[in-house]
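Undergrad: Structure here, sequence nowhere to be found:
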């Protein structure tokens, strides 16, 4: 950041940020796949409404 301030001046420099958000189903699928869960388990988990984890565990 100091380089940007020195190059362009403080009155011409700006900081930007990017926020990435995941849909719950996509996040669950990505994590399940990364952890090596069977595809069937990942899909059951992704289709379960949040807050109702017992349903997919007990089937």
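TA: Cool, got the structure. Not measured: the values here are computed from a predicted model.
Undergrad: Could you check how far the most centrally placed residue in the chain is from residue 31?
TA: Nearest to the geometric centre of the chain sits residue 22, at 4.3 Å (Cα atoms, centre = their mean). Distance, residue 22 to residue 31, by Cβ to Cβ, to the nearest Å: 10 Å. Heads up, the C-betas are built off the backbone N, CA and C, glycines and all.
Undergrad: just residue 43 next, same as before
TA: Distance from residue 43 to residue 31, by Cβ to Cβ: 13 Å.
Undergrad: circling back: three-state assignment of the residue nearest to the centre of the chain?
TA: Using DSSP: H, G, I helix; E, B strand; the rest coil, the secondary structure recorded for residue 22 is coil.
Undergrad: do residue 37 as well
TA: Under three-state DSSP, residue 37 comes out as coil.
Undergrad: Run a quick neighbour tally on it.
TA: For residue 37, the neighbour count with other Cβ atoms under 10 Å is 16.
Undergrad: for residue 30, same thing?
TA: 13.
Undergrad: tell me which element it is part of?
TA: According to DSSP states H and E, residue 30 maps onto helix 24-34.
Undergrad: outside of that helix, which residues touch it?
TA: The contact list for helix 24-34, computed with Cβ atoms under 8 Å, 6 or more residues apart in numbering, reads 22, 41, 42, 43, 45, 46, 47, 50.
Undergrad: And stretch 8-19, how far out from the chain middle?
TA: 25 Å (Cα atoms, centre = their mean, to the nearest Å).
Undergrad: do the same with stretch 11-25
TA: On Cα atoms, centre = their mean, the centre of stretch 11-25 falls 13 Å from that of its chain.
Undergrad: picking up where we left off before, next secondary structure element downstream of the helix holding residue 30?
TA: In N-to-C order, the element after helix 24-34 by DSSP H and E is helix 39-47.
Undergrad: buried ones in that following helix?
TA: 42, 43, 44, 45, 46 (16 or more other Cβ atoms under 10 Å).
Undergrad: Let me see the contact set for the last one.
TA: Under the criterion of Cβ under 8 Å, 6+ apart, the contact partners of residue 46 comprise 25, 28, 29, 32.
Undergrad: The first one now?
TA: By Cβ under 8 Å, 6+ apart, residue 42 lies in contact with 28, 29, 32, 33.
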